[in-house]
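**Student:** What would the 3D arrangement of this be:
(4 chains)
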2 protein chains.
Amino acid sequence: MSVKILIVDDHPLVLEGLKSLLADTEGVQVVGTASNAIDAITFLKNNEVDIAFLDINLPDISGIDLCKKVKDQFPEVKTLALSTFNERAYVSRMIQNGASGYLIKSSGKEDILEAIEQVQAGGYFMNVQFDQAAPTGAPKTVPFLTRREKEVLVLIAEGLTNPQIAEQLFISVTTVNSHRQNLLMKFEVSNTASLIKLAAGLGLI
Amino acid sequence: MSVKILIVDDHPLVLEGLKSLLADTEGVQVVGTASNAIDAITFLKNNEVDIAFLDINLPDISGIDLCKKVKDQFPEVKTLALSTFNERAYVSRMIQNGASGYLIKSSGKEDILEAIEQVQAGGYFMNVQFDQAAPTGAPKTVPFLTRREKEVLVLIAEGLTNPQIAEQLFISVTTVNSHRQNLLMKFEVSNTASLIKLAAGLGLI
DNA sequence: TCAAAAATCATGCTTTTAGAGGATTGATTG
DNA sequence: CAATCAATCCTCTAAAAGCATGATTTTTGA
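**Tutor:** Just a heads-up that it's a prediction; the model follows:
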């Protein structure tokens, strides 16, 4: 009996690539694909799936949220995060949300098959490149940000100054500054440039 | 006689996906793939190619530079830029460097085939999504940056301050500041946060 | 070769950030 | 209920960034 796989990614090329790579493989069967979270959930309701490959960047909701939804509604479905370099740091969040592993999209066929094997056996799979190839100042994990911090972060990225942000959010400049300091602390950086670079690399802005 | 295609991308999945999409298509033949610029150039030296699909983010040199190299050394080869959302703005630079068009990686099969047809006929191809889906404050074009400006930009993104950058580059703080001001001007922004966000979105850092 | 562009430096001024050290309120939750 | 945490506000200082204006020297490309 073959492992039933659902692929969720909004890039037809990735979909096609994975399908093609897995097509001629014994014991593995791509039973469906989806390009957004809603279709993915719908598919899971109506079909039996062993492993769901989840892209981290989806048009409607983030892969992280989708992962949570899937594990909540379909706990028997194992999930594998699909990420690119820049999203490495997201992965720990996926794992926290119940993912059984992750694959970077530049993985070769061997990695992918190994991942499926491991995960299907109830284990976890992590690309080895994960730890070594962490480029330029990526944090170990995506810091947990509060609602307000996220708002402030976005406004900083849009180029607003503290006074402007204060005006926008109807709060005092000192409060904005507090959030700003907290952001710097949580990202373990010491200025706006690094902050924005990291946040951008993590897809937060 | 079929159109001979070379695909240059460092993601096996994209390579596989494109190959798979084009495999069963009449009149189109993927004659080779490369995952970096050096391999691509080598392949072009030894093989006849009609159209080269060039990923914008390659491990060794940027797709923009590769595009230039290809057009210099192999003017008869037509080039098609492969980009993701975030790199839209790069595309104009590719066109300036002689590319015959671009495809975003989320294109479907129809788009890809149409692109090949157009380009092979001597025309240009642009995804329609290009103009409409320009998100959050992207500039019309990627500003042209000088060598020094790029260096300074990277160091800013790494979180260095003007004094630190000055020390690093063995130049005066005022000079660093000049470059910084020029960067702000060229990107049409007024602070570091916006600058880094844009630069990150364009894959410059 | 000659003009444009790049890289270099300076001065003075204002605004914004970064950093330290608090303090208060309200909600959540074990 | 007490502890925790988010969100709010405060003062003060020093450092850095932003803005204007202007100038000299290399490079480089047409």
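
**Student:** And what about A:T33, helix, strand or coil?
**Tutor:** Classification of A:T33 by DSSP: H, G, I helix; E, B strand; the rest coil places it in strand.

**Student:** which parts of chain A sit against DNA strand D?
**Tutor:** A:144, A:146-149, A:169, A:171-175, A:177-179, A:191, A:193 (CB under 7 Å from any atom of the strand). Every C-beta, even on glycine, is put in place using the N, C-alpha and C of the backbone.

**Student:** Give me the nearest residue to A:A115, chain neighbours excluded.
**Tutor:** A:F125 (4.0 Å; CB to CB, 6 or more residues apart in numbering or on different chains).

**Student:** bridging residues for the one you found?
**Tutor:** Note on A:F125: beta-bridge partners A:G101, judged by DSSP bridges.

**Student:** So it sits against A:Y102, correct?
**Tutor:** Yes: judged on CB atoms under 8 Å, A:F125 makes contact with A:Y102 at a distance of 7.5 Å.

**Student:** Which one of the two is surrounded by more residues?
**Tutor:** Counting neighbours by other CB atoms under 10 Å in any protein chain shown for A:F125 and for A:Y102 shows that A:Y102 has the greater number, 28 against 21.

**Student:** Distance of the closest residue to the more buried one other than its chain neighbours relative to chain B?
**Tutor:** Distance criterion CB to CB, 6+ apart; nearest residue to A:Y102, sequence neighbours excluded, is A:A81 at 3.7 Å. From A:A81 across to chain B, the span is 14 Å (CB to the nearest CB, to the nearest Å).

**Student:** A:A81 in helix, strand or coil?
**Tutor:** Three-state call for A:A81 (three-state DSSP): strand.

**Student:** Test my guess that it contacts A:I56.
**Tutor:** Yes: taking contacts as CB under 8 Å, A:A81 lies within contact range of A:I56: 6.0 Å.

**Student:** out of the two, which sits in the more crowded spot?
**Tutor:** A count of neighbours by other CB under 10 Å puts A:A81 above the other of A:A81 and A:I56, at 27 against 24.

**Student:** Any idea which residue is closest to the centre of chain A?
**Tutor:** A:I56 (3.4 Å; CA atoms, centre = their mean).

**Student:** Please report how far the nearest residue to that one once chain neighbours are set aside lies from A:D55.
**Tutor:** Leaving aside its chain neighbours, A:I56 sits nearest to A:G63 (3.8 Å; criterion: CB to CB, 6+ apart). A:G63 is 6 Å from A:D55, where distance means CB to CB, to the nearest Å.

**Student:** before we move on, what about A:K197?
**Tutor:** 23 Å.

**Student:** next one: the helix or strand harbouring A:E151 to chain centre, how far?
**Tutor:** Element membership for A:E151, per DSSP states H and E: helix A:147-157. Helix A:147-157 sits 20 Å away from the centroid of its parent chain (CA atoms, centre = their mean, to the nearest Å).

**Student:** what does stretch A:11-28 give?
**Tutor:** Relative to its chain's centre, stretch A:11-28 lies at 20 Å (CA atoms, centre = their mean).

**Student:** With stretch A:99-119 instead?
**Tutor:** The answer for stretch A:99-119 is 15 Å, by CA atoms, centre = their mean.

**Student:** Now do that stretch: distance from first to last residue.
**Tutor:** End-to-end distance for stretch A:99-119: 10 Å, by CA to CA, to the nearest Å.

**Student:** Return the per-residue confidence for A:A121.
**Tutor:** pLDDT recorded at A:A121 is 83.

**Student:** if I look at it, how far off is DNA strand D?
**Tutor:** A:A121 sits at a distance of 37 Å from DNA strand D (criterion: CB to the nearest atom of the strand, to the nearest Å).

**Student:** Against B:L80, how distant is that residue?
**Tutor:** Counting by CB to CB, the gap from A:A121 to B:L80 is 42 Å.

**Student:** Which residue of the two possesses the greater neighbour count?
**Tutor:** Each of A:A121 and B:L80 has its neighbours counted (other CB under 10 Å); B:L80 has more, 24 against 9.

**Student:** any residue of the lengthiest helix in chain A up close to DNA strand C?
**Tutor:** When chain A is parsed with DSSP state H, its longest helix is helix A:173-186. Yes: counting by CB under 7 Å from any atom of the strand, DNA strand C has neighbours in helix A:173-186: A:N177, A:S178, A:R180, A:Q181, A:L184.

**Student:** For the nearest residue to the third one once chain neighbours are set aside, give me its contacts.
**Tutor:** To tie it back to what came earlier, the one meant is A:R180. Leaving aside its chain neighbours, A:R180 sits nearest to A:V152 (6.3 Å; criterion: CB to CB, 6+ apart). Each residue near A:V152 by CB atoms under 8 Å, 6 or more residues apart in numbering or on different chains is listed here: A:I165, A:L169, A:V176, A:H179, A:R180, A:L183.

**Student:** hang on, the earlier thing: state the pLDDT value of the residue nearest to A:Y102.
**Tutor:** For A:A81, the pLDDT comes out at 83.

**Student:** how much space is there between it and DNA strand C?
**Tutor:** From A:A81 to DNA strand C the distance is 26 Å (CB to the nearest atom of the strand).

**Student:** circling back: quick one: common contacting residues for A:G63 and A:D55?
**Tutor:** A:V8, A:L82, A:S83.
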